[in-house]
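J.: My questions concern the predicted model and sequence given below.
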Amino acid sequence: MILGIDPGISKTGWAFTDQKGLLLCSGIWTGEMVTLAGLISGRRWSSLQKSLLEGSLDSVPDLDILSIVIGRGTSSESFVQLLHPQTASAVKLIDESYTTLEARRLYWKIHEPGISRKIFPFLCQLIPRDIDDLAAWAIVLRYLQERSG
């Protein structure tokens, strides 16, 4: 299992994937960053339920995380420092440039647009929610692409 994190100042996107990058579940944490780091370090996944947006936490097995992939940008260094040292040793920092655009594409991949949305250009389509969680998924996908490439 891989955990992707898109840390920000006011909210942090998170996404669990399998080893091939298939999204298991994702959400956006709006609480304290130190609390989220504690939940991740303690593997208390059920505590992420209130921030869940896609998938189900039931799909996250109690197996060890193979990697924690964090976007190298806003607040990434601060977030890594908040993790337990053993957890922090699994962290890979990845360039997060343009992952918001990729997250838009992933949103429409999951939530097929209606006929009226298909007429408008991709960049003109408004997404009805924040997509920081899907940016975290995009970070995982970029990591897997770099690793295989």
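T.: Now that the structure is in, tell me what you want to look at. Model, not experiment: these values are computed from the prediction. Numbers count the residues shown, from 1 in each chain.
J.: only C-alpha atoms for contact and neighbour calcs from this point on.
T.: Noted.
J.: what ranges do the strands span in the chain?
T.: Applying DSSP state E to the chain gives strands spanning 2-6, 12-17, 23-29, 52-55, 67-72, 91-95.
J.: now these as CSV including mean neighbour count and distance to residue 107?
T.: Formatted as CSV, these follow (neighbours: other C-alpha atoms under 10 Å; distance: least, C-alpha to C-alpha, whole Å):
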stretch, mean neighbour count, distance to residue 107
strand 2-6, 28, 16
strand 12-17, 26, 13
strand 23-29, 23, 12
strand 52-55, 17, 10
strand 67-72, 23, 18
strand 91-95, 16, 20
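J.: Tell me the confidence at residue 80?
T.: As predicted, residue 80 sits at a pLDDT of 96.
J.: tell me the contacts of residue 36?
T.: Residues near residue 36 by C-alpha atoms under 8 Å, 6 or more residues apart in numbering: residue 29.
J.: If I take the longest helix along the chain and strand 23-29, what angle do their directions form?
T.: If each helix of the chain is counted by residues according to DSSP state H, the longest one is helix 132-148. If you take axes from the mean of the first three to the mean of the last three C-alpha atoms, to 10 degrees, helix 132-148 sits at 130 degrees to strand 23-29.
J.: My guess is residue 6 contacts residue 136. True?
T.: Yes. With contact defined as C-alpha atoms under 8 Å, residue 6 reaches residue 136; the gap is 4.8 Å.
J.: Check the gap between the residue lying closest to residue 87 once chain neighbours are set aside and residue 104 for me.
T.: Nearest in space to residue 87, with sequence neighbours left out and distances taken as C-alpha to C-alpha, 6 or more residues apart in numbering, is residue 41 at 5.7 Å. With distances taken as C-alpha to C-alpha, to the nearest Å, residue 41 is found 29 Å from residue 104.
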